[in-house]
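Asker: turn this into a model:
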Amino acid sequence: MNKHLALAIIVATGLLPGSLAIGATPRCSFPHGDKTSVNEMIASIKRTKAVCALPWRALKSAVQDPAAIKQLQAAYDAIIAKYPDHVQGATARRSEVDAAAGHPEKMLAIADANVKLHPEDKTLSNMSCFARGRYGFDVANAMPYCNAAVANGRPGYALVNRGRVELETGQNEAAFADFNEAMGDKNFQKHFMLVDAVYGRGIARLRLGDEGGSKDIKAAIHARPTIVKDFEDGGVYQPDDSDVSASKRKRSSSR
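Answerer: Take a look at the predicted model:
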């Protein structure tokens, strides 16, 4: 992280320099991001045995072509047939192709079934929460999973995932509280999702009439320029100036 970005983060959020660094592993790196080709996706599926999630917006673009859907599904099917130890993971990744095409039912069913099949693993509820909040699917049924994930020690990543759902369902005060708590968690300061917490808090603050939220948003965008689209994937957009002004007036009148 360069000194200008570090300074921007300190000024805007009070966080320690370096705390918004993104920890993506090279193995799952997609250098072309949203422009990742179908061939690159297939190469990743083969190389990692379907370990890596494909870039969501690139995948959504790719599945507009029925031929691409068949190619990607065939790549996952090949992993499922050849590597018994990767069947569960590859099957879950394969369901993401359908989800990107607008059919998330299987992806959500897999995540939810894992929660029921392995009640001893308290982290699995977080995946059901994440799958809904990150992509804006079935958010009306997300909160039981999100609440269970947060109840398991209140980890920062679970608070962020619940905060996303809260933003998507208009629970702005609750979202602010969750994002704020995540940002204050010392164990979360170097987690790559801290950027999401900063951006999400900024959105919540603006919706609540706090113009200071724009500082959070600017800091998050500096740290991860794709953060705006990442939230828009789930249906969360920055409020326009008129909305912020209206919220500010409402906030002032309620005092």
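Asker: C-alpha from now on. contacts and neighbour counts both.
Answerer: OK.
Asker: which residue packs closest to the residue nearest the centre of the chain, ignoring adjacent ones?
Answerer: By C-alpha atoms, centre = their mean, the mean C-alpha position of the chain lies nearest to residue 134, the distance being 4.1 Å. Spatial nearest neighbour of residue 134, excluding adjacent residues (C-alpha to C-alpha, 6 or more residues apart in numbering): residue 234 at 5.4 Å.
Asker: check which helix or strand the one you found maps to.
Answerer: Residue 234 is part of no helix or strand when elements are defined by DSSP states H and E.
Asker: looking at it, it is touching residue 135, isn't it?
Answerer: Yes - contact criterion C-alpha atoms under 8 Å: residue 234 and residue 135 qualify, at 4.2 Å.
Asker: so how far is residue 200 from the residue nearest to residue 134?
Answerer: Distance of residue 234 to residue 200, given as C-alpha to C-alpha, to the nearest Å: 12 Å.
Asker: which one's more surrounded, the two?
Answerer: Taking other C-alpha atoms under 10 Å, residue 234 and residue 200 do not tie; residue 200 has more neighbours (31 against 20).
Asker: so the more buried one: helix, strand or coil?
Answerer: Following DSSP: H, G, I helix; E, B strand; the rest coil, the label given to residue 200 is helix.
Asker: now it: how far from residue 50?
Answerer: Residue 200 is 30 Å from residue 50, by C-alpha to C-alpha.
Asker: can you report how many residues lie near the residue nearest to residue 156 when sequence neighbours are not counted?
Answerer: With sequence-adjacent residues excluded and distances taken as C-alpha to C-alpha, 6+ apart, residue 156 is closest to residue 182, at 4.4 Å. Each residue near residue 182 was counted by other C-alpha under 10 Å, and the total is 27.
Asker: which SSE is residue 182 in?
Answerer: helix 172-184.
Asker: quick check: mean pLDDT of that helix?
Answerer: For helix 172-184, the mean pLDDT works out to 98.
Asker: could you list the domains of the chain?
Answerer: 26-103, 125-255 (automatic domain parsing).
Asker: weakest of these by average pLDDT?
Answerer: Across the domains of the chain, domain 125-255 gives the lowest mean pLDDT, at a mean of 93.
Asker: show the secondary-structure elements that the helix holding residue 182 is packed against.
Answerer: Packing contacts for helix 172-184, counted by 3 or more C-alpha pairs under 8 Å, 6 or more residues apart in numbering; DSSP states H and E, involve helix 156-168, helix 194-207.
Asker: what angle do the longest one and helix 172-184 make?
Answerer: Going back to what we said before, that points to helix 194-207. 150 degrees (axes from the mean of the first three to the mean of the last three C-alpha atoms, to 10 degrees).
Asker: next one: helix 194-207 to chain centre, how far?
Answerer: 13 Å (C-alpha atoms, centre = their mean, to the nearest Å).
Asker: got a list of contacts for that helix?
Answerer: For helix 194-207, contacts defined as C-alpha atoms under 8 Å, 6 or more residues apart in numbering pick out 13, 19-20, 156-157, 160, 163-164, 167, 172-173, 175-176, 179-180, 182-183, 188, 211-217, 219-221, 223-224, 227, 237-239, 243-244, 247.
Asker: what's the answer for the shortest one, then?
Answerer: Judged by C-alpha under 8 Å, 6+ apart, the contacts made with helix 156-168 from elsewhere in the structure are 126, 129-130, 132-134, 136, 139, 142-143, 146-147, 149-150, 172, 174-176, 178-179, 181-183, 185, 187-188, 193-194, 196-197, 200, 204, 234-236.
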